[in-house]
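[1] Next one to model:
(one chain, ligands or ions: 1)
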Amino acid sequence: MLMPQRTLPDGSAIPALGLGTWRMGERAEARAAEILAVREALRMGYRLLDTAEMYGEGGAESMLGEALRQAFAAGEAQREDLTIVSKVYPHHASARGVIEACERSLQRLKLDRIDLYLLHWRGEYALAETLAGFAQLQRRGLILHWGVSNFDVADLEELFALPGGSACAANQVYYSLGARGVEFDLLPWQARHRLPLMAYSPIDQGALGGHPVLQRIGQRLGVSAAQVALAWVLRQPEVIAIPKAVRTAHLQDNLAAAELRLSANDLQALDAAFAPPGAKQPLAMI
Ligand code: NAP
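    You can find the predicted model right below:
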């Protein structure tokens, strides 16, 4: 399949759908199956992979690094075709700490560059400090783009007011049918600033896969409920979805959902089951 693309603020392309890795790299006994799942995902056509130093305290990055090493060696994927996203812990996000954290991540990933490096959420360090670290990493070629995660409108306004702050490439937040609060102001703000929104937990951590309204729509379209959930977040051109999956059927389902279009009637039925926000809501976080 030809994966739909999104555009980063500097004009470069990024796949509309990628693979999340939270809850991977946590248990030694699951590692072999997770490596196989990532390699399988790459063979299927996944080109965007999302991880963080937090996941399994480095375990997810190490697992991903090993999967990538094996996939490159087997000719299953080429480094230059991939977009690798990782995230720095807020308590590592001082100007110096962000550099050291990135170097550790790169070692675990067995890569010489992270394509999109995000501040995982806001913490104790001034944003200007973190930005100084990101700028240094870019100068050294260790990261290509930088961005943020779990930032609401006020956070983004503060960021964009800083020198170099508007070079932010993406904001990754919780967005799904079960968490629509961002539609009130954050998503329109990001659309106005052409800042892609990476939707995490787009299947509500698996829960939407069993929702009766999504199942009913899916049955009529010949797709699964989870695919309906993914097509719904991807209906907007500034949204990127990063569902996590290990099972082959889930990996296939999710990739195919990038091409699924929902009708106005389906969207209406989903609005009836999951009301759009009528007022500002605190940013949902998992
Ligand atoms: P999710 O992607 O909404 O759901 C993952 C769960 O859904 C897994 O249990 C998976 O099962 C199941 N699933 C996947 N595809 C399915 C399908 N087609 N049908 C039915 N069930 C399906 O939740 P998430 O892992 O929380 O979020 C996705 C990614 O976003 C994370 O992995 C992480 O990379 C990122 N994230 C970022 C933040 C942040 O603060 N920036 C926070 C949370 C998540 P199997 O694994 O068994 O296949």
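[2] Show me what residue of the stretch 51-200 of the chain gets nearest to the ligand.
    Closest contact between the stretch 51-200 of the chain and the ligand, by Cβ to the nearest ligand atom, is at Tyr200 (3.4 Å). The way it works is simple: take the backbone N, C-alpha and C, and place the C-beta from them, glycine included.
[3] Contacts only, for Gly164.
    131, 135 (Cβ atoms under 8 Å, 6 or more residues apart in numbering).
[4] With Pro212 as the reference, measure out to it.
    48 Å (Cβ to Cβ, to the nearest Å).
[5] And for Val88?
    Look at Val88 and Pro212: by Cβ to Cβ, they are 40 Å apart.
[6] Give me the more crowded residue out of those two.
    A side-by-side neighbour count of Val88 and Pro212, using other Cβ atoms under 10 Å, places Val88 first with 30 against 9.
[7] Tell me what the more buried one is bridged to.
    Judged by DSSP bridges, the bridge partners of Val88 are Leu119.
[8] Return the residues in contact with it.
    Counted by Cβ under 8 Å, 6+ apart, Val88 has contacts 53, 97-98, 101-102, 105, 117-120, 130.
[9] among those, who's most crowded?
    Most surrounded of the contacts of Val88: other Cβ under 10 Å gives Leu119, at 30 neighbours.
[10] Please list the residues of the chain that sit near the ligand.
    Counting by Cβ under 6 Å from any ligand atom, the residues of the chain close to the ligand are 20-22, 50, 120, 149-150, 172, 200-206, 209, 224, 226, 242-247, 250, 253-254, 286.
[11] PyMOL command to pick out the buried ones of the residues you listed?
    The buried residues among the residues of the chain next to the ligand can be selected in PyMOL (16 or more other Cβ atoms under 10 Å) with this line:
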select buried, resi 20+21+22+50+120+149+150+172+200+201+202+203+204+205+209+224+226+242+243+244+245+246+250+253+254
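[12] From the residues of the chain next to the ligand, which land in helices?
    By the criterion of DSSP state H, membership of the residues of the chain next to the ligand in helices covers 226, 250, 253-254.
[13] how near is Glu57 to Tyr89?
    Taken as Cβ to Cβ, the span from Glu57 to Tyr89 is 10 Å.
[14] scratch that, Asn254
    Counting by Cβ to Cβ, the gap from Asn254 to Tyr89 is 27 Å.
[15] Let me see the ranges of the strands in the stretch 151-286 of the chain.
    Remark: strands assigned in the stretch 151-286 of the chain by DSSP state E, counting those that start in this stretch are 171-174, 197-200, 239-241.
[16] Tell me which residues touch Tyr46, please.
    When contacts are counted by Cβ under 8 Å, 6+ apart, Tyr46 touches 15, 17-19, 251, 255.
[17] So what sits opposite the residue in the chain that the ligand sits nearest to in the bridge?
    For the chain, the residue closest to the ligand is Gly20, as judged by Cβ to the nearest ligand atom, at 2.4 Å. Per DSSP bridges, the residues bridged to Gly20 are Asp50, Lys244.
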